[in-house]
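Student: what follows is a predicted protein model with its sequence.
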Amino acid sequence: MTQAQVDLSALDTDMAGPRAQVLVLDSVLLSEMPESFKPKIAGPVLARLAAFKPDVIAIEAISSESCELMARHPSVYAPVEVSHYCSGT
């Protein structure tokens, strides 16, 4: 099944200011890398990210409040998952 193409070219016609530049970077969690991983190899990627000069940097994280909620409901959230993603709480 195909979907109709949507023309977004005029979507921001009446918006004030310059268009935002967005960079989406998907990577493995460094905490899941093997012991043999050497952070120095990320140098070229970090240099290119620095050259991009983003205005905003966001990370994917679970808030402490969400971790507490997850920990209070072990029948819904497996304790092993809570401890993996919420180890700092």
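Tutor: Received it, and whenever you're ready, just let me know what you need.

Student: tell me, what residue is most central in the protein?
Tutor: The residue lying closest to the centre of the chain (Cα atoms, centre = their mean) is residue 60, at 3.7 Å.

Student: in the protein, which spans are helices?
Tutor: Using DSSP state H, the helices of the chain run over residues 43-52, 64-72, 79-85.

Student: in CSV: these, plus distance to residue 36 and mean neighbour count.
Tutor: In short, each C-beta sits where N, CA and C put it, glycine included. Below are those laid out as CSV (distance: least, Cβ to Cβ, whole Å; neighbours: other Cβ atoms under 10 Å):
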stretch, distance to residue 36, mean neighbour count
helix 43-52, 17, 10
helix 64-72, 30, 14
helix 79-85, 21, 13
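
Student: could you dump those to a markdown table with distance to residue 22 and mean pLDDT?
Tutor: Shown next, in a markdown table, are those (distance: least, Cβ to Cβ, whole Å; pLDDT from 0 to 100):
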| stretch | distance to residue 22 | mean pLDDT |
| --- | --- | --- |
| helix 43-52 | 11 | 87 |
| helix 64-72 | 25 | 92 |
| helix 79-85 | 25 | 85 |
